[in-house]
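Undergrad: Sharing a model that was predicted from the sequence below.
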Amino acid sequence: MFDRTSVTQVILALGVSMLLSFALTPLVKRLAYKIGAVDIPKDKRRMHDHPIPRLGGLAIFIGFVITVLAFAQPDRQLRGILLGACLIVAVGVVDDSHPLGAGIKFILQIVAALIAVWHGVIIQTIANPLPFLGGEYWDFGVMAVPITVIWIVAVTNSVNLIDGLDGLADGVSTIAALTMLVIALLLQNMEMAIICAALVGACVGFIPYNRNPAKMFMGDTGATFLGYMLATVSVTGLFKLYAIISFIVPFIILGFPIYDTASAFTRRILKGQNPMKADRSHTHHKLIDMGMNQKQAVATLYLVAGVLGLCAVMIVTTGYVKMILSAAALVGVAYTAARIARYPHDHSKPPARQKEEKTAESRSEISPDSPEEKET
């Protein structure tokens, strides 16, 4: 089914990217202290109780770019994606050390999206999800550019907004990129597979530093970079397919961050608040307030992302593969449920943040977590 050489390249790309990201993170951590890219807890939304360096996304970015340049054959679209990613990361580095205004970041994200669009990363045509209305495909025509820009900027910020617990955004991005990797392999799109493998490896390499209790945060540098990459790769690798999956699959893969952002914005608008104003009512905050500790909350949301990813893969498969994937989904649910059951779960207890403030003992039991969420 697959060319052995091509699959080997994909595996090597994943491994090299992972090793680079893992090895570069301590160096980036030193840089974060030097330039003042440190997250200091100063409001109720933060779950950690002591300063933690951010900027970890720079290690993810460098590991990814080096791997892609070494294993892929950059065409015009990939060059545009990498150029836009460089702008996104540059803005993130500045923002992590000297916070920028939301308006400035939003404008620069649009510029980064336009760079990708200029190089051919554009949603021009998708399969008609309503075939009874006539027409096999929808051609967006002059609306293709604004639709693509909206998609890229929206997904970029959606991933950034879920970066509220240790390892959450990194893990969810890993699952999304892994799903795209599997689909690329099933469709024998080896160029997309290498790019996705590099992204998976870079994310996995950073997880040991970002999981609870976090030694380092990825910051806006990492969260916006991962969101930008998932958005642009989904355009080149999924929306380009002339089949119904071109419309459905990207939304399923990125279902959790899209849902969380949409619900947050809707909630704020209905309350008459500024939709861009940060609050403590995201999905992960609600899980904490329900009584989960942070490891339980992250594991629960990993499960949601994983099930969505499996559903996306099953859409592009047939026959026995679907049965195998369904069984894998059940095993994954059972495993995650068992992991969650291992941790104490008492709804009568106050949230972790309150316990940390009350006693030194609880501070030792509940590890400092979670970077600040920066709404743009």
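TA: That came through fine. All figures in this text were calculated on a predicted structure; none of them were measured in a lab.
Undergrad: When you work out contacts or count neighbours from here on, use the C-alpha atoms and nothing else.
TA: Noted.
Undergrad: right, and the helix or strand after the longest helix anywhere in the chain?
TA: Looking across the chain with DSSP state H, the single longest helix is helix 4-35. Moving toward the C-terminus from helix 4-35, the next helix or strand (DSSP states H and E) is strand 38-39.
Undergrad: Which elements pack onto that following strand?
TA: strand 52-53 (3 or more Cα pairs under 8 Å, 6 or more residues apart in numbering; DSSP states H and E).
Undergrad: Adjacent strands (with direction) for the strand it packs on?
TA: Here strand 52-53 has these sheet partners by DSSP bridges: strand 38-39 (antiparallel).
Undergrad: Could you find the closest non-adjacent residue to the residue nearest the centre of the chain?
TA: When Cα atoms, centre = their mean is applied to the chain, the residue found nearest the centroid is residue 173 (3.1 Å). Computed as Cα to Cα, 6 or more residues apart in numbering, the closest residue to residue 173 that is not its neighbour in sequence is residue 226, at 6.7 Å.
Undergrad: average model confidence for the helix or strand where the one you found lies?
TA: Element membership for residue 226 (DSSP H and E) is helix 219-234. Taken as a whole, helix 219-234 carries a mean pLDDT of 92.
Undergrad: Likewise for stretch 317-324?
TA: For stretch 317-324, the per-residue pLDDT averages 66.
Undergrad: Please state the mean pLDDT value computed over stretch 59-71.
TA: 95.
Undergrad: Name the residues of it that come out as buried.
TA: 59, 60, 61, 62, 63, 64, 65, 67, 68, 71 (16 or more other Cα atoms under 10 Å).
Undergrad: residues making contact with that stretch?
TA: 9, 13, 16-22, 24-25, 28, 82, 89, 194-195, 198-199, 201-203, 205-206, 222, 225 (Cα atoms under 8 Å, 6 or more residues apart in numbering).
Undergrad: try 6 Å this time
TA: 17, 20, 21, 24, 25, 198, 199, 202 (Cα atoms under 6 Å, 6 or more residues apart in numbering).
Undergrad: and what of stretch 227-241?
TA: 152, 155, 156, 159, 246.
Undergrad: For the residues you listed, give me a markdown table that also has distance to residue 236 and secondary structure.
TA: Shown next, in a markdown table, are the contacts of stretch 227-241 (distance: Cα to Cα, whole Å; DSSP: H, G, I helix; E, B strand; the rest coil):
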| residue | distance to residue 236 | secondary structure |
| --- | --- | --- |
| 152 | 12 | helix |
| 155 | 15 | helix |
| 156 | 16 | helix |
| 159 | 19 | helix |
| 246 | 10 | helix |
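Undergrad: Tell me the spacing between residue 252 and residue 182.
TA: 14 Å (Cα to Cα, to the nearest Å).
Undergrad: do residue 161 as well
TA: 26 Å.
Undergrad: which residues touch the residue lying closest to residue 97 once chain neighbours are set aside?
TA: Closest residue to residue 97 apart from its sequence neighbours, by Cα to Cα, 6+ apart: residue 37 at 4.0 Å. Residue 37 makes contacts with 53, 54, 96, 97, as judged by Cα under 6 Å, 6+ apart.
Undergrad: possible to save these as TSV with pLDDT, neighbour count and distance to residue 332?
TA: Compiled in TSV, the contacts of residue 37 are given as follows (pLDDT from 0 to 100; neighbours: other Cα atoms under 10 Å; distance: Cα to Cα, whole Å):
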residue	pLDDT	neighbour count	distance to residue 332
53	88	25	33
54	86	30	31
96	88	23	35
97	88	20	39
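Undergrad: Out of those residues, which is nearest to residue 140?
TA: residue 96 (36.8 Å; Cα to Cα).
Undergrad: Please give the element, helix or strand, for that closest one.
TA: Short version, using DSSP H and E: residue 96 is in helix 76-97.
Undergrad: thinking again about what came up before, doesn't the residue nearest to the centre of the chain fall inside a helix?
TA: Yes: the assignment for residue 173 (DSSP: H, G, I helix; E, B strand; the rest coil) places it in a helix.
Undergrad: between residue 161 and residue 182, which one's more packed in?
TA: Ranked by neighbour count (other Cα atoms under 10 Å), residue 161 and residue 182 place residue 161 first, with 25 against 18.
Undergrad: could you pull out the strands for the stretch 101-250 of the chain?
TA: Applying DSSP state E, counting those that start in this stretch to the stretch 101-250 of the chain gives strands spanning 125-127, 137-139.
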